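Predicted model and sequence follow; I will ask about them next.
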Amino acid sequence: MAKAILYDATKCTACRACQVACKQWNELPAEVTINRGTYENPPDLSPHTWIKIKFIELEKEGKLDWLFARQACMHCTDAACVEVCPTGALSYHELGFVQYEKDKCCGCGYCAEFCPFGVPKLESGKITGVGVMDKCVFCIDRVTNGLEPACVKTCPTGALTFGDRDDLAAEGRARVEALKADGFSNAYLYGDEELGGLHVLYVLADRPSVYGLPEEPEFPALASVRDNIFRPFAWITWGVVAVGLALNVVVARARQLRGKEES
Amino acid sequence: MTPRLTEHWHAAQLTPNHPWLIELQPQPIAELGEELARDKGIRSGDIVEVSTARGSIQAVAIVTKRFRRLRIGTKEVDHVGIPWHWGYTGLSKGISPNGSSGNILTPHVGDANTTIPEYKTFLCNVRRI
């Protein structure tokens, strides 16, 4: 049964308890930041910051909206990062989310390159400049032991909920209908259909682009090149080599036998 | 105006010692509306000096749409918001050498009827440095 997180942006107050709870459970160090003229901090996701709230001030028809959006791994069903990961460090968990084994990461950075949401971040190594990637792991240790992820556990307003994906999608759709009835005509459930269904669903009061999310996130065409072209090509090459070697054995043996007969 | 932030507690004897909380709100801030910022030539992220008859502190300016110029009777009034939470201890002491505590600015006036100190609103000046 696929699990998911439902993020209701209309209930979020941007207290950022999720950011702290994430760091606490996953034992991530604090970053040294400065105030850049906004409440938003740290500036972006990083190997030490797996979840972050984005602050958006928007004036529409003389009415001010202060919008908040959660930034973290979306745990796609069709995840480009899993597709391109050469070492199998990224894979699909049976509960639906994208699991990550840091020990296997070789630091190639393909995942960071292909993620449509810009989530995977690489630590820069001291010698080569590249290091291993880190991202939200859906609190795999908690979730597989019957607990909710740390961010959901701490959320004081109920903006984050955890449960079976089907139930949460139904809840999200009902919430969007309620918002539409309240006059938010652009209300939208993000992640219901996107990239085969995300395992983090967003209830938005406006279009996704207003919240800084891609309207139609696409599975990058290049991401499937390895599986659809290189892998078959490699198998064909191996096949040709095997056939060639077998032929060689047959021909050589025939010659050997003919040589014996002649002598 | 002296508000508070979710990330820190009161005059912040405890919370500025915590790296995770200091990461979220690292420096003292002065929030001001767009109209006042335009008049004073202040942009978001600039260091500003906020001064009153009692003293002055330095803080990072946050220019926001959330603060509006108020029209009170015939007078136009702007306001500047300085959260309380930075002082002379902790991981982040602020920008001023003496620590950017909001308490440096506040008047020592009490209301005898309510027994509440008058720390919330008072007259101040703000300038870019």
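Sure thing, it's come through.

for chain A, what helix or strand is lowest in average pLDDT?
Among the helices and strands of chain A, helix A:225 carries the lowest confidence by mean pLDDT, DSSP states H and E, at a mean of 76.

Mind listing what's buried along stretch A:171-185?
For stretch A:171-185, the neighbour count (16 or more other C-beta atoms under 10 Å in any protein chain shown) marks A:171, A:172, A:175, A:176, A:179 as buried. Where you see a C-beta, it was placed from the backbone N, CA and C, and this is true even at glycine.

same thing with stretch A:78-89?
Neighbour counts over stretch A:78-89 (16+ other C-beta under 10 Å) mark A:78, A:79, A:80, A:81, A:82, A:83, A:84, A:85, A:89 as buried.

backbone phi and psi for the second one, please?
In other words, residue A:79. phi -90, psi 120 (degrees, to the nearest 10).

and the stretch 1-150 of chain A, which residues reach chain B?
Residues of the stretch 1-150 of chain A lying near chain B by C-beta under 8 Å from any C-beta of the partner chain: A:13, A:15-16, A:19-20, A:23-24, A:29-39, A:41-42, A:57, A:59, A:64, A:66.

again, 7 Å this time
Within the stretch 1-150 of chain A, the positions near chain B by C-beta under 7 Å from any C-beta of the partner chain are A:15-16, A:19-20, A:23, A:30-31, A:33-38, A:41-42, A:57, A:59, A:64, A:66.

Let's see stretch A:13-28 as PDB, backbone CA atoms only.
Only the C-alpha atoms of stretch A:13-28 are listed here, as PDB (Å, rounded to 0.1, in the frame of the first residue of the first chain):
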ATOM      1  CA  THR A  13       1.700  29.100   9.000                       C
ATOM      2  CA  ALA A  14       5.400  28.800   8.000                       C
ATOM      3  CA  CYS A  15       6.500  28.200  11.600                       C
ATOM      4  CA  ARG A  16       9.200  25.900  10.200                       C
ATOM      5  CA  ALA A  17       8.900  23.400  12.900                       C
ATOM      6  CA  CYS A  18       9.200  20.800  10.100                       C
ATOM      7  CA  GLN A  19      12.600  22.100   9.200                       C
ATOM      8  CA  VAL A  20      13.900  21.800  12.700                       C
ATOM      9  CA  ALA A  21      12.200  18.400  13.300                       C
ATOM     10  CA  CYS A  22      13.800  17.100  10.100                       C
ATOM     11  CA  LYS A  23      17.200  18.200  11.300                       C
ATOM     12  CA  GLN A  24      16.600  16.700  14.700                       C
ATOM     13  CA  TRP A  25      15.500  13.200  13.600                       C
ATOM     14  CA  ASN A  26      18.000  12.900  10.800                       C
ATOM     15  CA  GLU A  27      20.800  14.400  12.900                       C
ATOM     16  CA  LEU A  28      21.700  17.100  10.400                       C
END
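
all helices for the stretch 51-200 of chain A, in order.
A:80-84, A:110-114, A:140-143, A:150-154, A:165-181 (DSSP state H, counting those that start in this stretch).

Kindly reformat these as CSV containing mean pLDDT.
What follows is the helices of the stretch 51-200 of chain A, written out as CSV (pLDDT from 0 to 100):
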stretch, mean pLDDT
helix A:80-84, 91
helix A:110-114, 90
helix A:140-143, 94
helix A:150-154, 96
helix A:165-181, 95
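
Can I get those in CSV including distance to residue B:100?
Formatted as CSV, the helices of the stretch 51-200 of chain A follow (distance: least, C-beta to C-beta, whole Å):
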stretch, distance to residue B:100
helix A:80-84, 43
helix A:110-114, 38
helix A:140-143, 39
helix A:150-154, 29
helix A:165-181, 41
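
Now which of the residues of the stretch 1-150 of chain A next to chain B would you call buried?
Buried among the residues of the stretch 1-150 of chain A next to chain B (16+ other C-beta under 10 Å): A:15-16, A:19-20, A:23, A:30-31, A:33, A:35, A:37-38, A:41-42.

Check for me that residue B:123 belongs to a helix.
No: counting by DSSP: H, G, I helix; E, B strand; the rest coil, residue B:123 is located in no helix; its state is coil.

That one: what's it in contact with?
Neighbour list for residue B:123: residue B:52 [criterion: C-beta atoms under 7 Å, 6 or more residues apart in numbering or on different chains].

Just to check, residue A:22 is in contact with residue A:151?
Yes: the pair residue A:22 / residue A:151 is scored as a contact, 5.5 Å apart, by C-beta atoms under 7 Å.

and the two? which has more neighbours close in?
Set residue A:22 next to residue A:151 and count neighbours by other C-beta atoms under 10 Å in any protein chain shown: residue A:151 wins out with 26 against 23.

Residue of the stretch 51-200 of chain A closest to chain B, please.
Proximity of the stretch 51-200 of chain A to chain B (C-beta to the nearest C-beta) peaks at residue A:57, 4.9 Å away.

Quick check: the residue nearest to the spatial centre of chain B vs residue B:107, distance?
Compute the mean C-alpha point of chain B, and by C-alpha atoms, centre = their mean the closest residue is residue B:82, 1.4 Å away. Plainly put, residue B:82 is 14 Å away from residue B:107 if you go by C-beta to C-beta, to the nearest Å.

ditto for residue A:192
For residue A:192, the distance to residue B:107 equals 55 Å [C-beta to C-beta].

Looking at the buried residues of stretch A:171-185, which one is closest to residue A:100?
For those, the residue nearest residue A:100 by C-beta to C-beta is residue A:172; the value is 25.4 Å.

Give me the spatial nearest neighbour of that closest one, chain neighbours excluded.
Distances taken as C-beta to C-beta, 6 or more residues apart in numbering or on different chains place residue A:189 nearest to residue A:172, at 4.4 Å, with adjacent residues excluded.

all strands in the chain, in order from the N-terminus.
Chain wasn't specified; assuming chain A. For chain A, the strands defined by DSSP state E cover A:3-8, A:52-60, A:63-71, A:90-92, A:98-100, A:121-122, A:133-134, A:160-164, A:188-190, A:200-204.

that's the wrong chain, I meant chain B
Under DSSP E, chain B gives strands at B:29-33, B:47-51, B:56-64, B:70-72, B:75-77, B:80-81, B:110-111, B:116-117, B:125-128.
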